[in-house]
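[1] what follows is a predicted protein model with its sequence.
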Protein chains: 2
Amino acid sequence: MGKMKGLVLSAENFEDLELFVPYYRFLEEGIQVEIASLEKGEFTGKHGYRAKADKRLDQVRPEDYRFLLLPGGRAPQALRKEEKALEIARHFFEKGKPVFAICHGPQILVSAGLLKGRRVTCYRSVAPEVRKAGAIYEDKEVVVDGKLVTSRVPEDLPAFLKEIFKILKKETGK
Amino acid sequence: MGKMKGLVLSAENFEDLELFVPYYRFLEEGIQVEIASLEKGEFTGKHGYRAKADKRLDQVRPEDYRFLLLPGGRAPQALRKEEKALEIARHFFEKGKPVFAICHGPQILVSAGLLKGRRVTCYRSVAPEVRKAGAIYEDKEVVVDGKLVTSRVPEDLPAFLKEIFKILKKETGK
């Protein structure tokens, strides 16, 4: 999986573990990961950890990436207002590339109009808008629907990553 | 690796990512992990995440575990004063079981008198006492000396875990 490149969309007040646990997991596997945000440079999680955006949203060429990760926290609330973030999310769905969203991350997919008829989970308080967007909400640690993997909270990260890596291994034929 | 059981020693003011990133990684792999601390129940990291101790130090039977993880933060400063924590660390060295320590984690190994002649790394400010304890300090993201794996800071976690899993796979013959 060493030559694979993934994209993370996040912003201020991200959920620290939901960004760093998958991010470090991808790096452990030799996967290259770039983080894009509203601005380039450092931004801060709810718990005070600092992440660094390699790119501004408008610098992202989504065709360069094999998968998309959307961590939670209050970041998705800001990102969902950005048309470019929604375009990026749509690219991954249209091209049949894997999308991984946890906690408030699926809010971006709601705003992008991508969840109609899809089976998903998310943070409990996000469930009503996910249902309203036409998704089938399930209160489980991880829900896999094709190449869309969703989870609810940081405690779900082990199950989330287990399913993510099943998909990435299939993608690379390993 | 599903039937393996590991032990984490930590306490108040642990470095959150250094506990949770490996902890979730072990769970992802189906490894059972127990956390032991000064008291049973919840304790809080430097960044506000809460971990839960399954056992008090004096309830730990080290022979029940295949490996030991020592995360950093200010927790090792408290643990190194507990004779039982030092006894536990000595058990893993005597039995030739893997020990993984990051950041301030090696302070426990210093107090247990286990680092003489060993190659290790650790948080920069811990280096002088590690050297004084007779260890060969190296300023690298990860140092592997037999079954002892050490790292410096949260950013080293991908390299730390990569080496940890090389050792655990050997242990289980996978």
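    Nice, thanks for sending it over. Numbers count the residues shown, from 1 in each chain, chains lettered A, B, ... in the order given.

[2] please report phi then psi for residue A:71.
    phi -70, psi 170 (degrees, to the nearest 10).

[3] show me the contact partners of the helix ranked longest in chain A.
    Taking DSSP state H as the criterion, chain A has its longest helix at helix A:157-171. Helix A:157-171 has contacts (Cβ atoms under 8 Å, 6 or more residues apart in numbering or on different chains) with A:1, A:4, A:17-18, A:21-22, A:25, A:29, A:31, A:66-67, A:98, A:100, A:102, A:141-142, A:144, A:147, A:149, A:151, B:24-25, B:27-28. In this view, the C-beta of every residue, glycine as well, is placed from N, C-alpha and C.

[4] same thing but 6 Å
    Helix A:157-171 is contacted from outside by A:1, A:21, A:25, A:98, A:100, A:102, A:141-142, A:144, A:147, A:149, A:151, B:24, B:27-28, using Cβ atoms under 6 Å, 6 or more residues apart in numbering or on different chains.

[5] kindly report the same for stretch A:80-88.
    A:9, A:57, A:58, A:60, A:62, A:79, A:107, A:108, A:111, A:112.

[6] and that stretch, what's buried?
    Neighbour counts using 16 or more other Cβ atoms under 10 Å in any protein chain shown place A:80, A:82, A:84, A:85, A:86, A:88 of stretch A:80-88 among the buried residues.

[7] which phi and psi does the residue nearest the centre of chain A have?
    Nearest residue to the geometric centre of chain A (Cα atoms, centre = their mean): residue A:70, 1.8 Å. Main-chain torsions, residue A:70, degrees, to the nearest 10: phi -120, psi 90.

[8] isn't it right up against residue A:103?
    No - the pair residue A:70 / residue A:103 is not scored as a contact, 8.9 Å apart, by Cβ atoms under 6 Å.

[9] tell me how far the nearest residue to residue A:26 once chain neighbours are set aside lies from chain B.
    If the residues on either side of it in the chain are set aside, residue A:26 comes closest to residue A:33, at 4.8 Å by Cβ to Cβ, 6 or more residues apart in numbering or on different chains. Separation of residue A:33 from chain B (Cβ to the nearest Cβ, to the nearest Å): 10 Å.

[10] how about the residues of chain A near chain B?
    Listed as neighbours of chain B in chain A under the rule Cβ under 6 Å from any Cβ of the partner chain: A:17, A:20, A:21, A:24, A:27, A:28, A:47, A:48, A:157, A:158, A:161, A:162.

[11] now a PyMOL select for only the buried ones of those residues.
    To isolate in PyMOL the members of those that are buried, counting by 16+ other Cβ under 10 Å, one can use:
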select buried, chain A and resi 17+20+21+24+27+28+47+157+158+161+162
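
[12] on that earlier part again, ok, now how distant is the residue nearest to the centre of chain A from chain B?
    The value you get for residue A:70 to chain B, if Cβ to the nearest Cβ is used, is 18 Å.

[13] skipping adjacent residues, who's closest to that residue in space?
    Residue A:70 sits nearest to residue A:105 (Cβ to Cβ, 6+ apart), 3.3 Å away.

[14] got a list of what that neighbour touches?
    By Cβ under 6 Å, 6+ apart, the neighbours of residue A:105 are A:70, A:71, A:72, A:76.

[15] ok, the second one touching residue A:18?
    Yes - in this structure, residue A:71 sits in contact with residue A:18. The criterion is Cβ under 6 Å, and the distance is 3.9 Å.

[16] distance between stretch A:103-111 and the chain's centre?
    9 Å (Cα atoms, centre = their mean, to the nearest Å).

[17] how many residues are close by the closest residue to residue A:54 other than its chain neighbours?
    Using Cβ to Cβ, 6+ apart and skipping the chain neighbours, the partner closest in space to residue A:54 is residue A:34 (4.4 Å). The tally of other residues near residue A:34 (other Cβ atoms under 10 Å in any protein chain shown) stands at 15.

[18] give me the secondary structure label for residue A:34.
    Following DSSP: H, G, I helix; E, B strand; the rest coil, residue A:34 is assigned to strand.

[19] what are the bridge partners for it, then?
    residue A:7 (DSSP bridges).

[20] roughly how far apart are it and residue A:8?
    Here the criterion is Cβ to Cβ, to the nearest Å. By it, residue A:34 lies 7 Å from residue A:8.

[21] check contacts around the closest residue to residue A:172 other than its chain neighbours.
    Closest residue to residue A:172 apart from its sequence neighbours, by Cβ to Cβ, 6+ apart: residue A:1 at 5.3 Å. For residue A:1, the contact set (Cβ under 6 Å, 6+ apart) comprises A:29, A:31, A:168, A:172.
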